[in-house]
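> The following comprises the amino acid sequence and a computationally predicted model.
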Amino acid sequence: MNIGTIAAAATSPGIAGIGIVRVSGNKSLEIVSKIFKSKNGKKLVELTFRKMYYGWIIDPENEKVIDEVLVVYMKAPNTYTREDIVEINCHGGIISVEKILRLLLDQGARLAEKGEFTKRAFLNGRIDLSQAEAVMDLVSAKTKNSFELSMHQLEGRLSREIETIRQNLMNLIAQIEVNIDFPEYDDEKMTMDSILSISQEIAQKIEKLIQSSDTGIIYKEGLKTLILGKPNVGKSSLMNYLLNENRAIVTEIPGTTRDTIEESVNLAGVPLKIIDTAGIRNTEDIVEKMGVQKALKKIEEADLILMVFDASKELEAEDLMIIDQIRGKNVFYLLNKTDLIEKISFDRLEYVKKELIRISIVNNEGLEEIEKKVRKEFLSGKLNIDNDTIVNNLRHKNLLIKARKSIRDVIESVENGLTLECVEVDIMDTLMYLGEITGASVKEDLMDKIFSEFCIGK
Ligand SMILES: Nc1nc2c(ncn2[C@@H]2O[C@H](COP(=O)(O)OP(=O)(O)OP(=O)(O)O)[C@@H](O)[C@H]2O)c(=O)[nH]1
Ligand SMILES: [Mg+2]
């Protein structure tokens with residue numbers, strides 16, 4: 001770990017103005033010096049750090065010029081990794097970057113693993129684990145909101161909050177230790193009282209963070225939105241409307257859509273992953289049947305279901321079957337084709353009737369209600385991106401849930417009059433789970449797993 005000098009392309013391959021190759025480690029300067037010739041003939045080792053130098057990358061084997069470049073040397077510890085870094089700005093495209101990288105490897109650098117630059121920044125103490133994860137989220141963010149949340153995390157908003165809680169827990173542990181070691185100096189009742197009140201406060205803070213994660217994770221991952229309904233109700237028309245393009249085939253023939261179609265769209269700041277499906281019905285057509293099964297299978301993992309009815313038809317067995325299948329899910333009931341003479345009746349389904357959003361896709365009516373409802377349900381006005389700490393990482397959320405369980409155990413143990421030793425165990429667990437978020441108590445294999453999800457060159 002943290003061994004050797006690493007190199008990787010920091011820019012993605014493709015036609016572009018420039019490409020950047022990054023080298024980090026104590027031999028960075030020495031390695032790059034072997035292949036760089038500055039305009040004034042100086043070797044890189046003689047160059048001042050944080051200054052950009054113009055020159056050429058030369059193949060030392062045959063003195064052939066590989067590319068015209070700008071090179072900058074950044075001296076440890078004030079760098080991204082806290083190690084010596086050299087960055088080579090060459091021409092974009094794949095050839096130059098690849099050739100330069102090859103030369104660097106020939107001169108003794110090692111190809112960086114995924115996320116290894118950021119991992120070094122973490123191991124060298126420049127950022128904590130949650131900040132390292134934020135770096136990856138930043139480069140893969142698909143919406144402005146998701147970028148902003150990750151930026152807050154990188155700035156340390158979550159880290160500070162977690163560290164404050166951890167500090168409080170450590171103080172409690174210290175107090176307990178004193179009490180156990182020197183019972184004559186400390187009043188056990190007072191210790192228990194302060195454990196109780198501080199634990200309650202901590203439990204509340206953790207709860208708030210967990211609650212924020214529903215919104216945070218939606219911002220990041222997108223809301224999995226499944227469009228369901230019997231054939232011909234206008235599901236694909238709805239998909240096309242939401243995407244604002246003719247993505248799915250729409251015809252008057254029931255059974256037009258056979259397979260599921262997935263697309264992403266940003267609906268008023270909420271990223272949606274929309275899935276159009278085959279109309280649900282009993283069918284002998286093998287392909288359509290498979291489509292129906294696929295649609296039904298998607299129900300479980302959906303965050304939101306848009307169930308579409310056709311106002312011009314009576315409520316049929318298929319409608320009822322779908323309603324039954326999606327019970328307990330988050331559903332918006334959409335009554336489409338309200339421009340036609342209405343035959344549908346929901347008399348026996350009061351709860352559906354109450355929730356109905358009336359739309360006509362062909363006449364472009366009522367559709368803004370869907371957007372409004374998405375915002376209302378999923379981005380409840382309670383959270384403020386600018387000021388609140390919003391958790392947007394599933395790993396963090398799961399650890400917070402574990403921490404909440406442990407701190408609740410602390411409270412319960414105090415209330416049940418258990419010994420200080422028992423209480424201390426649960427406080428330590430809480431401390432450990434929170435420490436896994438920031439990396440204060442993280443095991444190596446877990447760390448490797450986290451960084452393996454990064455991209456190379458970051
Ligand atoms: N009158 C009217 N027709 C509509 C409306 N929305 C869609 N349609 C028509 O209904 C027919 C079916 O639309 P689709 O979007 O293909 O329906 P679907 O639910 O995807 O159908 P399948 O893929 O077969 O399950 C098409 O002829 C659409 O033009 C509407 O609001 N009013
Ligand atoms: Mg369709």
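Perfect, I can see it now. Ligands and ions are numbered 1, 2, ... in the order given.
> CA atoms for contacts and neighbours, from now on please.
Will do.
> Write out the residues of this protein neighbouring ligand 1.
Neighbours of ligand 1 within the chain, by Cα under 6 Å from any ligand atom: 231-237, 250-252, 254-257, 278-279, 336-337, 339-340, 360-362.
> what do you get if the cut-off is 5 Å, keeping everything else the same?
Residues of the chain lying close to ligand 1 (Cα under 5 Å from any ligand atom) are 231-237, 250-252, 254-257, 278-279, 337, 360-362.
> I'd like to know which of the residues you listed are buried.
231-237, 250, 255-257, 278-279, 337, 360-361 (16 or more other Cα atoms under 10 Å).
> so which of the residues of the chain next to ligand 1 are also by ligand 2?
With Cα under 5 Å from the ion as the criterion, the residues of the chain next to ligand 1 include Ser236, Thr257 near ligand 2.
> Which members of the residues of the chain next to ligand 1 occur in helices, if any?
Per DSSP state H, helices hold the following members of the residues of the chain next to ligand 1: Lys235, Ser236, Ser237.
> Measure how buried Ile218 is and give me the count.
Using other Cα atoms under 10 Å, Ile218 has 20 other residues around it.
> And it, how close does it get to Leu47?
Distance, Ile218 to Leu47, using Cα to Cα, to the nearest Å: 48 Å.
> quick one on the thing from earlier: between the ones in helices among the residues of the chain next to ligand 1, which is closest to Glu377?
Distances from Glu377 to those, taken as Cα to Cα, are shortest for Lys235 (21.5 Å).
> thought the closest one was touching Ile305?
No. Under the criterion of Cα atoms under 8 Å, Lys235 makes no contact with Ile305, lying 11.6 Å away.
> Which neighbours do those two have in common?
When contacts are counted by Cα atoms under 8 Å, 6 or more residues apart in numbering, Lys235 and Ile305 have Ile227, Leu228 as shared neighbours.
> Distance from the biggest helix by length in the chain to the middle of the chain?
In the chain, assigned by DSSP H, the helix with the most residues is helix 188-221. Helix 188-221 sits 22 Å away from the centroid of its parent chain (Cα atoms, centre = their mean, to the nearest Å).
> so can I have JSON lines of the ones in helices among the residues of the chain next to ligand 1 showing pLDDT?
Formatted as JSON lines, those follow (pLDDT from 0 to 100):
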{"residue": "Lys235", "pLDDT": "98"}
{"residue": "Ser236", "pLDDT": "97"}
{"residue": "Ser237", "pLDDT": "97"}
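> Toward the C-terminus, what is the element adjacent to the longest strand seen in the chain?
If you go by DSSP state E, the chain has its longest strand at strand 64-74. For strand 64-74, the succeeding helix or strand toward the C-terminus, using DSSP states H and E, is strand 85-91.
> Could you list the residues in contact with the next helix or strand after that next one?
Following strand 85-91 in sequence order, the next helix or strand is helix 94-106 (DSSP H and E). For helix 94-106, contacts defined as Cα under 8 Å, 6+ apart pick out 7-9, 13-15, 19-21, 31-32, 35, 57, 59, 66-67, 90-91, 111.
> Please repeat the previous calculation with a cut-off of 6 Å.
Helix 94-106 is contacted from outside by Pro13, Gly14, using Cα atoms under 6 Å, 6 or more residues apart in numbering.
> circling back to that earlier point, ok, residues contacting the longest strand of the chain?
By Cα under 6 Å, 6+ apart, the surrounding residues in contact with strand 64-74 are 49-58, 84-90.
> Can you check what angle separates it from helix 94-106?
Strand 64-74 and helix 94-106 are oriented at 70 degrees to each other (axes from the mean of the first three to the mean of the last three Cα atoms, to 10 degrees).
> Mind listing what's buried along strand 64-74?
Ile66, Asp67, Glu68, Val69, Leu70, Val71, Val72, Tyr73, Met74.
> how about low-confidence regions in the stretch 351-458 of the chain?
Counting by pLDDT under 70, the stretch 351-458 of the chain has low-confidence residues at 380-383.
> what ranges do the strands span in it?
357-358 (DSSP state E, counting those that start in this stretch).
> OK, now which residue of it is nearest to ligand 2?
Ile361 (13.4 Å; Cα to the ion).
> And the stretch 1-150 of the chain, by the same measure?
Taking Cα to the ion, the stretch 1-150 of the chain has Lys142 as its residue nearest ligand 2, at 26.9 Å.
> Could you tell me how many residues sit around the closest residue to that residue other than its chain neighbours?
Nearest non-adjacent residue to Lys142, counting by Cα to Cα, 6 or more residues apart in numbering: Lys220, 7.6 Å away. Residues lying near Lys220 (other Cα under 10 Å) number 26.
> Lys220 reaches Ser146, doesn't it?
Yes. Applying Cα atoms under 6 Å, one finds Lys220 in contact with Ser146, separated by 5.2 Å.
> List of residues touching the lowest-mean-pLDDT helix or strand in the chain?
The weakest-scoring helix or strand in the chain, judged by mean pLDDT, DSSP states H and E, is helix 444-452 (a mean of 85). Helix 444-452 is touched from outside by Lys114, Gly115, with contacts defined as Cα under 6 Å, 6+ apart.
> Would you mark the buried spots in that helix?
Here helix 444-452 shows Ile450, Phe451 as buried, counting by 16+ other Cα under 10 Å.
> cool, and stretch 77-86?
Those would be Thr79, Tyr80, Thr81, Arg82, Glu83, Asp84, Ile85, Val86, for stretch 77-86 by 16+ other Cα under 10 Å.
> Great, nothing more from me.
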